[in-house]
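Peer 1: Give me a 3D structure for the following:
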Amino acid sequence: MRSSRSRLILATGLAVTAAVSLAACSSGSSATTESTSSADLTIGATDLAAAGCPAKVVIQTDWNPEAEHGHLYQLLGDDYTIDAENKTVSGPLMAGGEYTGVDVEIRAGGPAIGFQTVSSQMYTDPDILLGYVSTDEAIQLSADMPTTAVFAPLDIGPTMIMWDPETYPDAKTVQDVVAGGATVRYFGGSAYMEYLMAAGIIPESQTDGSYDGTPASFVAAGGKDAQQGFASAEPYIYENEVESWGKPVDYQLINDLGYPIYYGPVSVRSDDVTAQADCLKALVPVMQQAEVDFYDSPQQTVDLILELVKDYDTGWVYTQGVADYSIDTALSIGLVGNGPNDTLGDFEDQRVSDVFDKIVPVFEGLGTAPAEGLTPADIYTNEFIDTSIGLTK
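Peer 2: Below you'll find the model as predicted:
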(Lines give C-alpha, C1' and ligand atoms only; values in the text may rest on other atoms or scores of the structure.)
Protein backbone atom coordinates (compact mmCIF):
# COMPACT_ATOMS: atom_id res chain seq x y z
CA MET A 1 0.00 0.00 0.00
CA ARG A 2 1.25 3.42 -0.91
CA SER A 3 2.60 5.60 1.90
CA SER A 4 1.97 9.32 1.62
CA ARG A 5 4.41 12.03 2.54
CA SER A 6 4.80 13.68 5.93
CA ARG A 7 6.95 16.73 5.63
CA LEU A 8 5.68 19.71 7.62
CA ILE A 9 6.70 18.85 11.13
CA LEU A 10 7.03 20.77 14.36
CA ALA A 11 10.09 19.17 15.89
CA THR A 12 13.29 17.75 14.49
CA GLY A 13 13.16 14.00 14.54
CA LEU A 14 9.40 13.71 15.09
CA ALA A 15 8.51 10.07 14.58
CA VAL A 16 5.95 9.52 11.85
CA THR A 17 4.12 6.25 11.41
CA ALA A 18 4.23 5.08 7.82
CA ALA A 19 3.75 1.78 6.08
CA VAL A 20 7.23 1.51 4.70
CA SER A 21 10.04 -0.96 4.55
CA LEU A 22 13.63 0.23 4.54
CA ALA A 23 14.96 -2.88 2.86
CA ALA A 24 17.26 -2.07 -0.03
CA CYS A 25 17.30 -3.79 -3.37
CA SER A 26 19.41 -3.62 -6.49
CA SER A 27 18.45 -4.26 -10.07
CA GLY A 28 20.21 -3.78 -13.35
CA SER A 29 23.76 -2.69 -14.03
CA SER A 30 23.10 0.81 -12.71
CA ALA A 31 22.25 -0.37 -9.18
CA THR A 32 25.78 -0.16 -7.80
CA THR A 33 27.79 1.92 -5.38
CA GLU A 34 30.55 2.57 -7.91
CA SER A 35 31.10 6.17 -8.97
CA THR A 36 30.26 7.28 -12.46
CA SER A 37 33.35 8.64 -14.22
CA SER A 38 33.08 11.98 -15.98
CA ALA A 39 36.78 12.27 -16.86
CA ASP A 40 36.16 11.85 -20.59
CA LEU A 41 33.37 14.43 -20.86
CA THR A 42 33.86 17.85 -22.39
CA ILE A 43 32.60 20.80 -20.37
CA GLY A 44 29.90 22.77 -22.16
CA ALA A 45 28.73 26.37 -21.97
CA THR A 46 28.28 26.30 -18.17
CA ASP A 47 31.38 25.48 -16.13
CA LEU A 48 30.30 24.93 -12.53
CA ALA A 49 33.79 23.77 -11.56
CA ALA A 50 35.22 27.12 -12.64
CA ALA A 51 32.47 28.82 -10.63
CA GLY A 52 33.76 27.15 -7.49
CA CYS A 53 31.08 24.49 -7.05
CA PRO A 54 32.04 21.28 -5.22
CA ALA A 55 33.26 18.41 -7.37
CA LYS A 56 30.04 16.66 -6.33
CA VAL A 57 26.96 18.82 -5.72
CA VAL A 58 24.96 16.93 -3.08
CA ILE A 59 21.22 17.62 -2.87
CA GLN A 60 18.95 16.29 -0.12
CA THR A 61 15.28 15.90 -1.05
CA ASP A 62 12.38 15.59 1.37
CA TRP A 63 10.77 12.44 0.00
CA ASN A 64 11.03 9.49 -2.33
CA PRO A 65 11.62 10.21 -6.02
CA GLU A 66 8.50 11.68 -7.64
CA ALA A 67 7.52 13.99 -10.47
CA GLU A 68 7.48 17.01 -8.15
CA HIS A 69 11.26 16.51 -8.02
CA GLY A 70 11.62 16.18 -11.77
CA HIS A 71 13.68 19.35 -12.03
CA LEU A 72 16.42 17.70 -9.96
CA TYR A 73 16.52 14.37 -11.75
CA GLN A 74 16.58 16.31 -15.02
CA LEU A 75 20.14 17.30 -14.05
CA LEU A 76 21.27 13.72 -14.70
CA GLY A 77 22.05 12.48 -18.17
CA ASP A 78 22.15 8.90 -19.39
CA ASP A 79 25.28 7.97 -17.40
CA TYR A 80 24.18 7.69 -13.79
CA THR A 81 24.78 5.41 -10.82
CA ILE A 82 22.06 4.20 -8.46
CA ASP A 83 23.03 3.33 -4.90
CA ALA A 84 19.96 1.35 -3.85
CA GLU A 85 21.24 0.73 -0.33
CA ASN A 86 21.74 4.41 0.49
CA LYS A 87 18.86 5.65 -1.70
CA THR A 88 20.96 7.98 -3.85
CA VAL A 89 21.59 8.53 -7.53
CA SER A 90 24.63 10.31 -8.91
CA GLY A 91 26.33 11.18 -12.16
CA PRO A 92 27.66 14.05 -14.23
CA LEU A 93 25.62 17.21 -13.68
CA MET A 94 24.23 18.19 -17.07
CA ALA A 95 22.77 21.42 -18.41
CA GLY A 96 20.89 21.17 -21.67
CA GLY A 97 22.70 17.93 -22.48
CA GLU A 98 26.15 19.40 -21.78
CA TYR A 99 28.50 18.52 -18.96
CA THR A 100 29.03 21.25 -16.38
CA GLY A 101 32.35 20.09 -14.97
CA VAL A 102 30.95 18.64 -11.71
CA ASP A 103 28.85 15.69 -10.61
CA VAL A 104 25.54 15.68 -8.75
CA GLU A 105 24.24 13.33 -6.07
CA ILE A 106 20.51 13.37 -5.29
CA ARG A 107 19.49 11.80 -1.99
CA ALA A 108 16.01 10.54 -1.20
CA GLY A 109 14.29 11.81 1.93
CA GLY A 110 11.36 10.64 4.03
CA PRO A 111 11.86 6.94 4.88
CA ALA A 112 15.41 7.03 3.49
CA ILE A 113 16.47 9.40 6.29
CA GLY A 114 14.19 8.10 9.02
CA PHE A 115 11.71 10.96 8.45
CA GLN A 116 14.17 13.49 9.81
CA THR A 117 13.94 17.08 8.63
CA VAL A 118 16.07 18.10 5.68
CA SER A 119 17.47 20.92 7.83
CA SER A 120 18.84 18.43 10.35
CA GLN A 121 20.42 16.39 7.55
CA MET A 122 22.10 19.49 6.15
CA TYR A 123 23.59 20.37 9.52
CA THR A 124 24.62 16.78 10.22
CA ASP A 125 26.39 16.29 6.89
CA PRO A 126 28.41 19.25 5.56
CA ASP A 127 28.72 17.53 2.17
CA ILE A 128 25.10 18.47 1.48
CA LEU A 129 25.04 21.76 -0.42
CA LEU A 130 21.32 22.04 -1.14
CA GLY A 131 18.15 20.70 0.45
CA TYR A 132 14.38 21.09 0.33
CA VAL A 133 13.31 23.28 3.26
CA SER A 134 9.78 24.69 3.34
CA THR A 135 9.12 28.19 4.65
CA ASP A 136 7.66 27.04 7.95
CA GLU A 137 10.52 24.62 8.64
CA ALA A 138 13.06 27.36 7.87
CA ILE A 139 11.38 29.69 10.36
CA GLN A 140 10.89 27.15 13.12
CA LEU A 141 14.41 25.71 13.03
CA SER A 142 16.18 29.02 12.42
CA ALA A 143 17.68 29.28 15.90
CA ASP A 144 19.82 26.16 15.61
CA MET A 145 19.77 25.26 11.89
CA PRO A 146 19.31 28.43 9.84
CA THR A 147 18.64 27.92 6.14
CA THR A 148 18.00 30.27 3.25
CA ALA A 149 15.92 29.35 0.20
CA VAL A 150 17.49 30.15 -3.17
CA PHE A 151 15.08 28.58 -5.70
CA ALA A 152 11.37 27.72 -5.53
CA PRO A 153 10.52 24.89 -7.98
CA LEU A 154 6.91 24.92 -6.72
CA ASP A 155 5.10 28.25 -6.88
CA ILE A 156 2.14 26.90 -4.89
CA GLY A 157 2.32 24.13 -2.31
CA PRO A 158 0.43 20.97 -3.33
CA THR A 159 -0.74 20.10 0.19
CA MET A 160 -4.52 19.90 0.30
CA ILE A 161 -7.46 18.62 2.31
CA MET A 162 -9.74 16.29 0.36
CA TRP A 163 -13.28 15.00 0.90
CA ASP A 164 -15.97 12.85 -0.67
CA PRO A 165 -18.19 14.93 -2.99
CA GLU A 166 -20.99 12.37 -2.67
CA THR A 167 -21.12 12.84 1.10
CA TYR A 168 -20.72 16.62 0.88
CA PRO A 169 -22.28 17.50 -2.50
CA ASP A 170 -22.62 21.23 -1.78
CA ALA A 171 -19.16 21.72 -0.25
CA LYS A 172 -16.80 24.09 -2.04
CA THR A 173 -14.32 24.67 0.78
CA VAL A 174 -12.86 22.93 3.80
CA GLN A 175 -14.98 25.21 5.99
CA ASP A 176 -18.10 23.83 4.25
CA VAL A 177 -17.02 20.27 4.97
CA VAL A 178 -16.20 21.06 8.59
CA ALA A 179 -19.57 22.80 8.98
CA GLY A 180 -21.13 19.57 7.73
CA GLY A 181 -19.53 17.69 10.62
CA ALA A 182 -16.40 16.25 9.03
CA THR A 183 -13.32 15.39 11.05
CA VAL A 184 -10.09 16.31 9.25
CA ARG A 185 -7.40 13.62 9.44
CA TYR A 186 -3.78 14.76 9.11
CA PHE A 187 -0.21 13.85 10.00
CA GLY A 188 0.16 14.76 13.67
CA GLY A 189 2.54 17.69 14.15
CA SER A 190 1.87 19.34 10.79
CA ALA A 191 2.55 23.06 11.08
CA TYR A 192 -0.21 24.04 8.69
CA MET A 193 -2.84 22.40 10.89
CA GLU A 194 -1.57 24.27 13.94
CA TYR A 195 -2.11 27.47 11.98
CA LEU A 196 -5.58 26.46 10.75
CA MET A 197 -6.65 25.63 14.29
CA ALA A 198 -5.16 28.82 15.70
CA ALA A 199 -6.90 30.88 13.01
CA GLY A 200 -10.25 29.23 13.76
CA ILE A 201 -10.55 27.76 10.28
CA ILE A 202 -10.79 24.19 11.60
CA PRO A 203 -11.91 23.58 15.21
CA GLU A 204 -9.44 21.48 17.15
CA SER A 205 -12.32 19.21 18.15
CA GLN A 206 -12.73 18.24 14.49
CA THR A 207 -9.12 17.29 13.85
CA ASP A 208 -7.50 13.87 13.99
CA GLY A 209 -3.71 13.67 13.91
CA SER A 210 -3.60 9.90 13.36
CA TYR A 211 -3.12 9.87 9.59
CA ASP A 212 -0.47 7.27 8.72
CA GLY A 213 -0.23 7.78 4.97
CA THR A 214 -2.51 4.90 4.00
CA PRO A 215 -6.09 5.13 2.67
CA ALA A 216 -7.52 2.66 5.21
CA SER A 217 -9.09 5.15 7.61
CA PHE A 218 -10.50 7.36 4.86
CA VAL A 219 -12.10 4.36 3.18
CA ALA A 220 -13.40 2.96 6.47
CA ALA A 221 -15.10 6.27 7.27
CA GLY A 222 -17.16 5.88 4.10
CA GLY A 223 -16.75 9.49 3.06
CA LYS A 224 -17.58 11.06 6.41
CA ASP A 225 -14.03 12.26 7.16
CA ALA A 226 -11.75 14.64 5.30
CA GLN A 227 -8.03 13.96 4.93
CA GLN A 228 -4.79 15.65 3.93
CA GLY A 229 -2.86 14.76 0.80
CA PHE A 230 -1.13 16.15 -2.29
CA ALA A 231 -3.32 17.70 -5.00
CA SER A 232 -0.85 16.38 -7.55
CA ALA A 233 -1.20 12.76 -6.45
CA GLU A 234 -4.01 11.58 -4.17
CA PRO A 235 -7.00 12.56 -6.34
CA TYR A 236 -5.67 10.30 -9.09
CA ILE A 237 -4.56 7.54 -6.72
CA TYR A 238 -7.84 7.31 -4.83
CA GLU A 239 -9.90 7.22 -8.00
CA ASN A 240 -7.69 4.90 -10.01
CA GLU A 241 -5.42 2.90 -7.72
CA VAL A 242 -7.27 2.45 -4.42
CA GLU A 243 -9.68 -0.35 -5.32
CA SER A 244 -11.65 0.02 -2.11
CA TRP A 245 -12.48 3.65 -3.00
CA GLY A 246 -12.36 3.98 -6.79
CA LYS A 247 -14.14 7.33 -7.22
CA PRO A 248 -13.31 11.05 -7.35
CA VAL A 249 -12.51 13.26 -4.39
CA ASP A 250 -12.80 17.03 -4.10
CA TYR A 251 -10.19 19.15 -2.35
CA GLN A 252 -8.98 22.58 -1.37
CA LEU A 253 -5.33 23.63 -1.27
CA ILE A 254 -3.84 24.69 2.05
CA ASN A 255 -2.46 27.63 0.07
CA ASP A 256 -6.04 28.84 -0.43
CA LEU A 257 -6.80 28.53 3.28
CA GLY A 258 -4.39 31.33 4.13
CA TYR A 259 -1.18 29.29 4.40
CA PRO A 260 0.75 30.12 1.20
CA ILE A 261 4.19 28.89 2.21
CA TYR A 262 6.81 28.06 -0.38
CA TYR A 263 6.79 24.28 -0.29
CA GLY A 264 10.16 22.55 -0.57
CA PRO A 265 12.24 25.39 -1.99
CA VAL A 266 15.86 24.50 -2.69
CA SER A 267 17.82 25.94 0.21
CA VAL A 268 21.33 26.24 1.62
CA ARG A 269 22.73 26.66 5.10
CA SER A 270 22.46 30.40 5.62
CA ASP A 271 26.24 30.88 5.89
CA ASP A 272 26.58 29.38 2.41
CA VAL A 273 24.66 32.25 0.82
CA THR A 274 27.96 34.10 1.05
CA ALA A 275 30.43 31.22 1.19
CA GLN A 276 29.01 29.54 -1.95
CA ALA A 277 27.82 32.68 -3.74
CA ASP A 278 29.88 32.16 -6.89
CA CYS A 279 28.71 28.58 -7.23
CA LEU A 280 25.06 29.43 -6.57
CA LYS A 281 25.14 32.25 -9.11
CA ALA A 282 26.04 29.68 -11.78
CA LEU A 283 24.11 26.70 -10.41
CA VAL A 284 20.67 28.14 -9.66
CA PRO A 285 19.99 29.16 -13.29
CA VAL A 286 20.96 25.62 -14.34
CA MET A 287 18.29 24.31 -11.98
CA GLN A 288 15.74 26.82 -13.27
CA GLN A 289 16.36 25.73 -16.85
CA ALA A 290 16.27 22.05 -15.85
CA GLU A 291 12.72 22.57 -14.58
CA VAL A 292 11.71 24.26 -17.81
CA ASP A 293 13.23 21.37 -19.75
CA PHE A 294 11.53 18.77 -17.56
CA TYR A 295 8.04 20.15 -18.08
CA ASP A 296 8.72 20.59 -21.78
CA SER A 297 9.68 16.91 -22.22
CA PRO A 298 9.37 14.89 -19.01
CA GLN A 299 9.26 11.23 -20.02
CA GLN A 300 12.97 10.37 -19.92
CA THR A 301 13.27 11.80 -16.43
CA VAL A 302 10.04 10.12 -15.33
CA ASP A 303 11.53 6.82 -16.51
CA LEU A 304 14.48 7.46 -14.20
CA ILE A 305 12.17 8.34 -11.30
CA LEU A 306 10.24 5.09 -11.77
CA GLU A 307 13.51 3.16 -11.91
CA LEU A 308 14.68 4.77 -8.68
CA VAL A 309 11.42 4.01 -6.88
CA LYS A 310 11.72 0.37 -7.89
CA ASP A 311 15.38 0.07 -6.89
CA TYR A 312 15.08 1.97 -3.61
CA ASP A 313 12.22 -0.31 -2.55
CA THR A 314 11.12 1.73 0.50
CA GLY A 315 7.49 0.63 0.28
CA TRP A 316 6.64 3.71 -1.80
CA VAL A 317 4.54 2.83 -4.83
CA TYR A 318 4.68 5.22 -7.77
CA THR A 319 3.28 4.63 -11.25
CA GLN A 320 3.39 6.21 -14.68
CA GLY A 321 -0.24 7.23 -14.21
CA VAL A 322 0.52 9.16 -11.03
CA ALA A 323 3.51 10.84 -12.66
CA ASP A 324 1.42 11.91 -15.67
CA TYR A 325 -1.32 13.23 -13.41
CA SER A 326 1.21 15.08 -11.27
CA ILE A 327 2.77 16.85 -14.23
CA ASP A 328 -0.56 17.77 -15.81
CA THR A 329 -2.04 18.97 -12.53
CA ALA A 330 1.03 20.96 -11.51
CA LEU A 331 0.75 22.97 -14.71
CA SER A 332 -3.04 23.21 -14.91
CA ILE A 333 -3.66 24.51 -11.39
CA GLY A 334 -0.47 26.53 -11.09
CA LEU A 335 1.52 24.47 -8.60
CA VAL A 336 4.37 25.05 -11.03
CA GLY A 337 4.50 28.41 -12.75
CA ASN A 338 6.11 31.80 -13.02
CA GLY A 339 3.87 33.47 -10.47
CA PRO A 340 3.06 37.14 -11.07
CA ASN A 341 6.01 37.73 -13.42
CA ASP A 342 7.81 35.86 -16.20
CA THR A 343 10.43 34.22 -13.95
CA LEU A 344 10.44 30.65 -12.68
CA GLY A 345 11.59 29.99 -9.15
CA ASP A 346 11.80 33.43 -7.57
CA PHE A 347 10.16 34.49 -4.30
CA GLU A 348 7.53 37.18 -3.76
CA ASP A 349 8.67 39.52 -1.00
CA GLN A 350 5.19 40.37 0.29
CA ARG A 351 4.09 36.75 0.28
CA VAL A 352 7.06 35.65 2.40
CA SER A 353 6.47 38.55 4.76
CA ASP A 354 2.77 37.73 5.15
CA VAL A 355 3.48 34.04 5.80
CA PHE A 356 6.20 34.96 8.28
CA ASP A 357 3.80 37.14 10.26
CA LYS A 358 1.26 34.30 10.41
CA ILE A 359 3.62 31.49 11.32
CA VAL A 360 5.86 33.08 13.95
CA PRO A 361 3.07 33.48 16.56
CA VAL A 362 2.10 29.82 16.04
CA PHE A 363 5.61 28.61 16.80
CA GLU A 364 5.97 31.01 19.71
CA GLY A 365 2.74 29.62 21.18
CA LEU A 366 4.10 26.09 20.82
CA GLY A 367 7.34 26.97 22.56
CA THR A 368 9.48 26.64 19.42
CA ALA A 369 10.18 30.30 18.74
CA PRO A 370 12.43 31.15 15.79
CA ALA A 371 15.84 32.77 16.12
CA GLU A 372 15.80 36.06 17.97
CA GLY A 373 15.70 38.93 15.50
CA LEU A 374 14.84 36.70 12.53
CA THR A 375 13.30 38.60 9.62
CA PRO A 376 11.59 37.38 6.44
CA ALA A 377 14.65 38.43 4.42
CA ASP A 378 16.77 35.91 6.36
CA ILE A 379 14.95 32.85 5.02
CA TYR A 380 15.08 33.45 1.27
CA THR A 381 16.96 35.32 -1.46
CA ASN A 382 16.42 36.06 -5.15
CA GLU A 383 20.10 36.94 -5.52
CA PHE A 384 20.94 33.93 -7.68
CA ILE A 385 17.79 33.76 -9.82
CA ASP A 386 18.09 34.40 -13.56
CA THR A 387 15.03 36.52 -14.26
CA SER A 388 15.10 35.61 -17.96
CA ILE A 389 14.23 31.95 -17.31
CA GLY A 390 10.57 31.03 -17.09
CA LEU A 391 7.97 28.59 -18.29
CA THR A 392 6.36 29.43 -21.61
CA LYS A 393 3.23 27.29 -21.19
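Peer 1: Let me see the contact set for Arg107.
Peer 2: Listed by Cβ atoms under 8 Å, 6 or more residues apart in numbering, the contact set of Arg107 reads Val58, Ile59, Gln60, Thr61, Asn86, Lys87, Thr88, Ile113, Gln121, Ile128. C-beta: built from backbone N, CA, C; applies to glycine.
Peer 1: what about the spatially closest residue to Asp278 that is not a sequence neighbour, neighbour count?
Peer 2: Counting by Cβ to Cβ, 6 or more residues apart in numbering, Gly52 is the residue found nearest to Asp278 once chain neighbours are left out, at 4.4 Å. Gly52 has 15 neighbours, counted by other Cβ atoms under 10 Å.
Peer 1: separation between Gly52 and Tyr312?
Peer 2: Per Cβ to Cβ, to the nearest Å, Gly52 is found 32 Å from Tyr312.
Peer 1: And Ser267, by the same measure?
Peer 2: Ser267 is 23 Å from Tyr312, where distance means Cβ to Cβ.
Peer 1: Those two: which is more packed in?
Peer 2: Using other Cβ under 10 Å, the more surrounded residue of Ser267 and Tyr312 is Ser267, with 31 against 27.
Peer 1: bridging residues for the more buried one?
Peer 2: Using DSSP bridges, the beta-bridge partners of Ser267 come out as Gly131, Ala149.
Peer 1: I figured it was touching Ile128, is that so?
Peer 2: No - using Cβ atoms under 8 Å, Ser267 and Ile128 do not qualify as a contacting pair, with a distance of 10.5 Å.
Peer 1: tell me, what's touching the two both at once?
Peer 2: Joint contacts of Ser267 and Ile128 (Cβ under 8 Å, 6+ apart) are Met122.
Peer 1: per-residue pLDDT, the residue lying closest to Thr148 once chain neighbours are set aside?
Peer 2: Distance criterion Cβ to Cβ, 6+ apart; nearest residue to Thr148, sequence neighbours excluded, is Ser270 at 4.6 Å. Note for Ser270: predicted pLDDT of 98.
Peer 1: How about Ala39?
Peer 2: Ala39 is given a pLDDT of 70.
Peer 1: That one: neighbouring residues, count only.
Peer 2: A count of nearby residues for Ala39, using other Cβ under 10 Å, gives 5.
Peer 1: before we move on, back to that, looking at it, the residue nearest to Asp278 is touching Asp272, isn't it?
Peer 2: No - the criterion here is Cβ under 8 Å, and Gly52 misses it with Asp272 at 11.6 Å.
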